[in-house]
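sequence? don't have it. structure:
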């Protein structure tokens, strides 16, 4: 049922996404990259076309984009830039409609404002406010320490919502999470169709060590 809903949503948005979530580029895949200076504690807005993306903490003084496509001829179809204005940055990535992957490294302390038409998204080791919207896809966000949050809101119109750090797991139609704490950060994720997972990598690592 979940896969059917996901497929219908992709058809509605006109986006075709094939392949798993963004991973390290295989040597045989044509790829390119760019980077630009950007300090920690800033706000980064991301406008992303359909594809598979991994956003993770990199150097504290730079933004780095790396992307890969299926064929060499598709590299010319990619539009990618990072525009920096003081403590604010705008990242735009627009790639081929099929089998486009990117890895985006940002300072570990960054606020993220992200819009993705459809695809697979993972965010790891980035501390700050997050406002995420997708039409359809699979989203995995490492929330770190749940105590760091003031409010966490997640919604899925059709699909599955898993948020074990906030004691919520549900699936079906019009599922949501609204959690409040004593931290300083806000997290909001809205997904029309697919799967949303909020997890704590640090908690999992601690559990494995015990």
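Sure thing, it's come through. Predicted, not measured: the structure shown is a model, and the values here were computed from it.

Tell me which residues of stretch 35-42 come out buried.
Buried residues in stretch 35-42, counted by 16 or more other CB atoms under 10 Å: 38, 40, 42. Where C-beta positions appear, they are placed from N, C-alpha and C, glycine not excepted.

now residue 31, nearest residue through space, not along the chain?
residue 68 (4.0 Å; CB to CB, 6 or more residues apart in numbering).

I figured that neighbour hits residue 101, correct?
Yes. Applying CB atoms under 8 Å, one finds residue 68 in contact with residue 101, separated by 5.0 Å.

Contact partners for residue 141?
Contacts for residue 141 (CB atoms under 8 Å, 6 or more residues apart in numbering) come out as 122-123, 130, 132, 187, 189, 197-199.

Show me what it bridges to in the sheet.
Beta-bridge pairing of residue 141 under DSSP bridges involves residue 123, residue 198.

Which pLDDT value belongs to it?
Per-residue pLDDT puts residue 141 at 98.

if I look at it, how far off is residue 86?
Residue 141 sits 26 Å away from residue 86 when distances are taken as CB to CB, to the nearest Å.

And the pLDDT for the residue nearest to the spatial centre of the chain?
Centroid-nearest residue in the chain, with CA atoms, centre = their mean: residue 121, separated by 3.7 Å. Per-residue confidence at residue 121 stands at 98 (pLDDT).

do residue 172 as well
95.

mind checking which helix or strand it is in?
strand 168-180 (DSSP states H and E).

Now that strand: buried residues?
In strand 168-180, counting by 16+ other CB under 10 Å, buried: 168, 175, 177, 179.

returning to what we had before: sort out for me which of the buried residues of stretch 35-42 are in strands.
Of these, the ones assigned to strands by DSSP state E are residue 42.

how about the strands in the chain?
In the chain, the strands defined using DSSP E lie at 31-37, 42-48, 51-57, 62-68, 79-85, 88-94, 101-106, 110-124, 130-142, 149-163, 168-180, 185-199.

Which elements pack onto the fourth one?
Right, strand 62-68. strand 31-37, strand 79-85, strand 88-94, strand 101-106 (3 or more CB pairs under 8 Å, 6 or more residues apart in numbering; DSSP states H and E).

May I have the strands that pair with the first one, each with its orientation?
Within its sheet, strand 31-37 is paired with strand 62-68 (antiparallel), according to DSSP bridges.

got a list of contacts for the strand it pairs with?
The contact list for strand 62-68 (CB under 8 Å, 6+ apart) reads 25-26, 29-38, 44, 58, 78, 80, 82, 84, 89, 91, 93, 95, 100-107.

correct me, but the residue nearest to the centre of the chain touches residue 139?
Yes. In this structure residue 121 lies within contact range of residue 139 using CB under 8 Å: 5.0 Å.
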